[in-house]
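>>> below: sequence and its predicted model.
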Amino acid sequence: MKKKTILLFLRIVVSAILIGYFLLMLSNQQGSLTDAFKKIFEAFSSASLRYLIPASLLHLVGFALISLRWKFMLRAQDIQASFGQLFLYYFMAAFFNTFLPSTIGGDTLRVIESKKLTGKTTTSLMVVIMERITGLAALITIALTALIIKTLRGDNENTGIWFLFAVLILMGVVGMALAHPGIAPKVLKFLNKILPKKVGHLLNESYQAISIYFHRPFELMSALLISLIFQLNMIIYYYLIARALGQNPDTIDFMIKVPVMIVLLMTVPAINGLGIRTASFKQLMNFPPAFALSGELIDLGMRVGYGILGGLVFLVYRRPDHQKE
């Protein structure tokens, strides 16, 4: 409990520092904090609905894509689940992702719900983790492709990003090697000798769930392809927000920097990424501070809206269960 409290405090501090820093930057530019808020309101209120409406609809496209990906990941485990059921679970997960301090709240709900299908918590957890891994692999693929194109155009200002993705690729290769059926049993045999019995049992169960994907390449490759489309959908979503705010970023550059932002959202502790998006819009994409903060507000507003809808779905979906009791 103490660890959770410390982590929550850390998330609050990180978000507060980031938002406070950019508010202070803007207030220094505008002359006062009041004028800074006026500037943010001007940027926010001038955002074009021509871009915001399709951006908001891309959330539904995203839910549909990752529901389909989840279906393939479960099918590899010989679990048949309806697309509609999984779509509803993702909608409900949006509520927990939005209104809990961590973005893993929705994943916890999906693990609980998919356990009803798989019968095992470990298998359900590994399915969700494998989904995350395919998403990360798709991000790296998109960013590297864009980075290669940009380098061929003669832009050599991306050494730091090259290094970041080189580290991520190395981690991925090592992870795949350790999970390979030809290597993993030997590693597990060694670990079982030195680890407590319960931990060894958990590792064995986790490996059994993951190893299935090495023998079900169609499902795995389908999930990877869907992840690729989903991450492109996310890049288009943020691109539309940028255009709505009057920004006109280079498309190839954006395909590099949005994946970096998403990786930061996944790894840096903050309250649902609050402040991380502002920092990314300002530092990575060179938005003026008022527009960076407005972009954060727009994204947050859309997520809150879908989160509320997800909460209503959760209440309605649960009601029949209560009636049966």
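Structure's in. What do you need? Remember, it's a predicted structure, so these values are computed and weren't measured experimentally.
>>> does the nearest residue to Ser280 once chain neighbours are set aside belong to a helix or a strand, and which?
Residue nearest to Ser280 in three dimensions, not counting chain neighbours: Met261, with 3.8 Å by CB to CB, 6 or more residues apart in numbering. Quick note: C-beta positions are derived from backbone N, CA and C, even for glycine. In the assignment (DSSP states H and E), Met261 maps to helix 251-267.
>>> and that helix, what does it pack onto?
Under the contact definition 3 or more CB pairs under 8 Å, 6 or more residues apart in numbering; DSSP states H and E, helix 251-267 sits against helix 121-152, helix 159-179, helix 217-244, helix 276-279.
>>> burial count for Met92?
25 (other CB atoms under 10 Å).
>>> and if you look at the one 3 residues further on?
The tally of other residues near Phe95 (other CB under 10 Å) stands at 23.
>>> pLDDT at it, what is it?
Looking at Phe95, its pLDDT stands at 86.
>>> and for Thr251?
At Thr251, pLDDT is 90.
>>> what distance do you get for the closest residue to it other than its chain neighbours to Val61?
Spatial nearest neighbour of Thr251, chain neighbours left out: Tyr239 (7.4 Å); criterion: CB to CB, 6+ apart. Taking CB to CB, to the nearest Å as the measure, Tyr239 falls 14 Å from Val61.
>>> quick one, which of those two is more surrounded?
The neighbour comparison of Tyr239 against Val61 (other CB under 10 Å) goes to Tyr239, with 19 against 16.
>>> surely that one meets Asp253?
No - at 10.8 Å, Tyr239 and Asp253 do not qualify as touching, with contact defined as CB atoms under 8 Å.
>>> where in this protein is pLDDT low?
Residues of the chain that meet the criterion pLDDT under 70 lie in 1, 101-105, 155-162, 165, 178-179, 318-325.
>>> just give me the longest helix of it.
helix 289-324 (DSSP state H).
>>> that one - contacts with which helices or strands?
Judged by 3+ CB pairs under 8 Å, 6+ apart, the packing partners of helix 289-324 are helix 2-30, helix 33-45, helix 49-75, helix 83-99, helix 217-244, helix 276-279.
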